[in-house]
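Asks: Provided below are the primary sequence and the corresponding predicted coordinates.
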Amino acid sequence: MWHPLTMGNRTSLRHRVTWLVVAALLVGCSAGLDVAPVDRRSSGGLDLASAGLDRSDCVFDPPAVVETACYTLRVPQRWDDPGDSTTVEIPVAVFSTPTSAGSTVVYLEGGPGGDALALASLSFDQTWSDIVAAHKLVIFDQRGAGSAEPSLPCRELSDLVVPAMTMGPAEESVAVVGAIGACFDRLRDAGVDPAGYNSVQSAHDVEALRLALDEDPWDVVGVSYGTRLGQTLVREHPEGVRAMVLDGVQPIDGSQASIPASADRAITELVGACEADPVCAREWPGLGSRLFELAARLDDRPLTFRVGSPATGERFDATWDGGDLLTAVFTMLYTRESIADIGYLVAQLEAGDTSGASLLTALAIAQDQYVSSGMFWAVVCHEEVPFTTPADYARGRSGNPAIDETFAAGQADADDTAAICGRVGAGSADTIENVPVTSDRPVLVLSGQFDPITPPSDGAVVADRFGAQHVVLANMGHGAIAHRCGRSLILAFLARPSEPVDASCAALVEPIDWLAAMPTQPLVEVVFDPPFGAAVATALPDDWVVIPGVAAAEARPPLRQGQVAFLTTPSVTAPLTIDVLFGSLQLADQVELGSFTLGGVEWTGASGGFPGAVIDVWSAEFEDDTIVVIAQMPPGQVTRFRRVVESVLGSTRPA
């Protein structure tokens, strides 16, 4: 996971902040400095064994299928400054099962600033259950992030998201610098030293945690920014690392300036894959030219649409220009599920249909709660910006004017970032932070074919430095661990780190389901008479089966037994109906989906679920009644099912 980075004048706050969790971070291959390695473990007289560790309540809902022990690790704010008496409290969770007999695994979250424990609890069954079946797993919120104390979220920056929708680029740049400056002024007043929140300090935390847990050298799994932290860890504390997996790799000497070239590569890869696939080529002919023609049209005539804030319920106007579209496509390339939606999104916007853009914007805003933007900027300003040169920007240009302007490959980006970092005040890292890391520890490097932010070429560079095996997973975006092939490669490597893994599954990852975003059958009119409330008229795919006695219908393959149910209630607001239903259904991990307009009706949604199913609840207020639509779907079919439900909502109304 990468938090969005400032990308210059064209990429406004709508691009920088709205696409939280899934936009650009610092990658590239700028040349490293040729200096002798430094033994930093003994420098400064660090007393890592002084960290305190106590059992504590969990800061998240532990998964029911494993044993979970939670702790609080107490460490100094500045390991290199004994005079700083401020203590940082880091929440830790240790997951295990009776079969977790292998080496202990510690996970390094991305971001920087990602909320590791909250995100892990949301995706535990899918991402971690296979690994915990074989290994004890340690996940923690890095200093400055998640539920750590102090945490560094910049609410001043989050508060700008809605106002920025109507700001011009120059006004936004000034507002962003001011918001981040105000954030760090507030943090400093509260005793936060921004120079204490970076990869070196976090690496010391990881080793202190290992010692406090009395663990032997452990296996490190880093994803996204976690790969940079992993490289720092193995340099600072090689004695604590048995083996390491780097998934979606950022070279330690990478640069934000390479983002335009990386974006261009990923979009080119997408277009080539679509042209080579008979289904995609038929449904989305000329996808590449259509994308950039649409971006140019949106620059001339931006589209404005309504969005509901998932956090506050506030409704506001959002405007997409060509840069917003390209940034959204960049973001969608992170996951194979959203890659399948890109052609459909382009076709929607070509027709003036903004429902997809509205939903994407609301979902992106919802991610704000999972990223500490202050931690992000502290790390970036301390160890990345000081080493980014004009030559890096020149090398990072893609040659595609639309992409280079959107992702600001030039001096404007450097000026904006310098102004921000001047307000952050995190200082400049030692030059060693721009020096490639090598190690004799076994390393496995994983990349995804469509990854827009940490491309396979970066994985190849880092693998060569470590003498590591590099596996590129076909049809994947950012984070191979999200697929069962990636997890099987990780497990095979951890079982025998000194031996190459059988990577044959990497070429066999299922092709992108290019039709996932489209309703798969014609829709037919149906009228339901719920047991309570007024009748509801809607339209369903023609091969769905109405369930007798209830206002519900069941899908058939390929949607694998998903269901949609309808009910009505008088004189109750849409948000309240959602809250009541989540409580009565005892759904876990409620995530607000925001609001968007279909067929002239504004729908508000939330998502939750239980093991084996995802539940979306949508509600809309009509003249006399509020209609609620409950969609139950298997986790592996969420993208396709939601697009069918989108069509259902667009035709749902009182009978």
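Replies: Now that the structure is in, tell me what you want to look at. Residues are numbered from 1 along each chain as shown.

Asks: please make it C-alpha for all contacts and neighbour counts, starting now.
Replies: Noted.

Asks: need the strands for the stretch 401-550 of the chain, in chain order.
Replies: 443-448, 469-473, 523-528, 536-541, 545-547 (DSSP state E, counting those that start in this stretch).

Asks: give me the nearest residue to residue 638, chain neighbours excluded.
Replies: Once flanking residues are discounted, residue 638 sits nearest to residue 614: 7.5 Å by Cα to Cα, 6 or more residues apart in numbering.

Asks: pick the most deeply packed of the strands of the stretch 401-550 of the chain.
Replies: Highest mean neighbour count among the strands of the stretch 401-550 of the chain (mean count of other Cα atoms under 10 Å): strand 443-448, with a mean of 27.

Asks: got the angle for that one vs strand 469-473?
Replies: On the basis of axes from the mean of the first three to the mean of the last three Cα atoms, to 10 degrees, strand 443-448 is oriented at 20 degrees to strand 469-473.

Asks: okay, now residue 655: neighbour count?
Replies: Around residue 655 there are 12 other residues, counting by other Cα atoms under 10 Å.

Asks: dihedrals phi and psi, the residue of the chain most remote from its centre?
Replies: In the chain, residue 549 marks the outermost C-alpha relative to the chain mean, sitting 41.3 Å out by Cα atoms, centre = their mean. For residue 549, the backbone dihedrals (degrees, to the nearest 10) come out as phi 90, psi -10.

Asks: can you tell me how far residue 214 sits from residue 133?
Replies: Taking Cα to Cα, to the nearest Å as the measure, residue 214 falls 21 Å from residue 133.

Asks: and what of residue 415?
Replies: From residue 415 to residue 133 the distance is 49 Å (Cα to Cα).

Asks: neighbour count winner among the two?
Replies: Shown here are residue 415 and residue 133; by other Cα under 10 Å, residue 133 has more neighbours (18 against 13).

Asks: what about the closest residue to residue 649 other than its chain neighbours, distance to residue 319?
Replies: Closest residue to residue 649 apart from its sequence neighbours, by Cα to Cα, 6+ apart: residue 598 at 7.0 Å. Noted for residue 598: a distance of 17 Å to residue 319, by Cα to Cα.

Asks: do the same with residue 421
Replies: Residue 421 is 28 Å from residue 319, by Cα to Cα.

Asks: which stretches of the stretch 351-500 of the chain form helices?
Replies: Assigned helices in the stretch 351-500 of the chain, in chain order: 355-366, 373-383, 390-396, 401-406, 411-424, 456-466, 484-495 (criterion: DSSP state H, counting those that start in this stretch).

Asks: just to revisit the earlier point, contact partners for the residue nearest to residue 638?
Replies: Neighbouring residues of residue 614 by Cα atoms under 8 Å, 6 or more residues apart in numbering: 607, 608, 632, 633, 634, 635, 638.

Asks: doesn't the second one lie inside a strand?
Replies: What that stands for is residue 608. Yes - Residue 608: assigned to a strand according to DSSP: H, G, I helix; E, B strand; the rest coil.

Asks: that one reaches residue 630, doesn't it?
Replies: No - Residue 608 is beyond contact range of residue 630, at 11.0 Å (criterion: Cα atoms under 8 Å).

Asks: quick one: common contacting residues for these two?
Replies: What both residue 608 and residue 630 touch, as defined by Cα under 8 Å, 6+ apart, is the set 615, 616.

Asks: neighbour count for the two, which is higher?
Replies: residue 630 (22 against 19).

Asks: and that one, which helix or strand is it part of?
Replies: Secondary structure assignment for residue 630, by DSSP states H and E: strand 625-633.

Asks: so what touches that strand?
Replies: So strand 625-633 is contacted by 534, 536, 561-574, 577, 613-621, 641, 645, 649, 653-654 (Cα under 8 Å, 6+ apart).

Asks: show the buried residues in those residues.
Replies: When the contacts of strand 625-633 are checked for burial by 16 or more other Cα atoms under 10 Å, the buried set is 534, 536, 562-569, 573-574, 577, 613-621, 641, 645, 649, 653-654.

Asks: restricted to helices, list these.
Replies: 574, 577, 641, 645, 649 (DSSP state H).

Asks: residue 479: which of the residues you listed is nearest?
Replies: Ranked by distance to residue 479 (Cα to Cα), those are led by residue 641 at 23.1 Å.

Asks: in the protein, which segments are predicted with low confidence?
Replies: Applying pLDDT under 70 to the chain flags the ranges 1-45, 310-313, 409-412, 516-521, 556-561, 571, 585-590, 611-612, 635-637, 639-640.

Asks: and the end-to-end length of stretch 453-473?
Replies: 15 Å.

Asks: again but with stretch 461-474, I slipped
Replies: Note: stretch 461-474 ends 19 Å apart using Cα to Cα.

Asks: next: stretch 368-378.
Replies: 17 Å.

Asks: list the buried residues of that stretch.
Replies: Neighbour-count burial for stretch 368-378 [16+ other Cα under 10 Å]: 368, 369, 370, 371, 372, 373, 374, 375, 376, 377, 378.

Asks: next one: stretch 53-62
Replies: Quick answer for stretch 53-62 (16+ other Cα under 10 Å): 53, 58, 59, 60, 62.

Asks: my guess is the second one contacts residue 72. True?
Replies: No - Residue 58 is beyond contact range of residue 72, at 9.2 Å (criterion: Cα under 8 Å).

Asks: shared neighbours of the two, anything?
Replies: residue 91.

Asks: whatever helix or strand residue 280 lives in: how far from the chain's middle?
Replies: Assigned by DSSP H and E, residue 280 belongs to helix 278-283. Remark: helix 278-283 is offset 28 Å from the chain centroid, using Cα atoms, centre = their mean, to the nearest Å.

Asks: hmm, who's touching it?
Replies: 274, 275, 514, 515.

Asks: give me that answer again for 6 Å
Replies: Residues outside helix 278-283 that contact it (Cα atoms under 6 Å, 6 or more residues apart in numbering): 274, 275, 514.

Asks: got it, and stretch 244-262?
Replies: 26-30, 219-224, 227-228, 392-393, 396-398, 404, 407, 434, 443-447, 452, 454, 459, 478-479.

Asks: which ones are touching residue 466?
Replies: 438, 439.

Asks: how far away is it from residue 332?
Replies: 31 Å.

Asks: swap in residue 91?
Replies: Residue 91 is 31 Å from residue 332, by Cα to Cα.

Asks: out of the two, which sits in the more crowded spot?
Replies: Neighbour totals were compared for residue 91 and residue 332, and residue 91 leads with 28 against 22 (other Cα under 10 Å).

Asks: so that one: helix, strand or coil?
Replies: Once three-state DSSP is applied, residue 91 turns out strand.

Asks: verify the stated contact: it with residue 72.
Replies: Yes - here residue 91 reaches residue 72: they are 4.7 Å apart, a contact under Cα atoms under 6 Å.

Asks: common neighbours of those two, please.
Replies: Counting by Cα under 6 Å, 6+ apart, nothing touches both residue 91 and residue 72.

Asks: quote the end-to-end distance of stretch 334-349.
Replies: 21 Å.

Asks: in this structure residue 442 contacts residue 243, no?
Replies: Yes - judged on Cα under 6 Å, residue 442 makes contact with residue 243 at a distance of 5.0 Å.

Asks: is residue 305 bridged to anything, and to what?
Replies: residue 318 (DSSP bridges).

Asks: against residue 591, how distant is it?
Replies: Residue 305 is 22 Å from residue 591, where distance means Cα to Cα.

Asks: export the buried residues of stretch 368-378 to TSV and append columns for distance to residue 527.
Replies: Listed next are the buried residues of stretch 368-378 as TSV, based on distance: Cα to Cα, whole Å:
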residue	distance to residue 527
368	39
369	39
370	40
371	43
372	47
373	47
374	51
375	52
376	51
377	53
378	56
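
Asks: count of neighbours near residue 171?
Replies: Neighbour tally, residue 171, other Cα under 10 Å: 12.

Asks: helix, strand, or coil at it?
Replies: helix.
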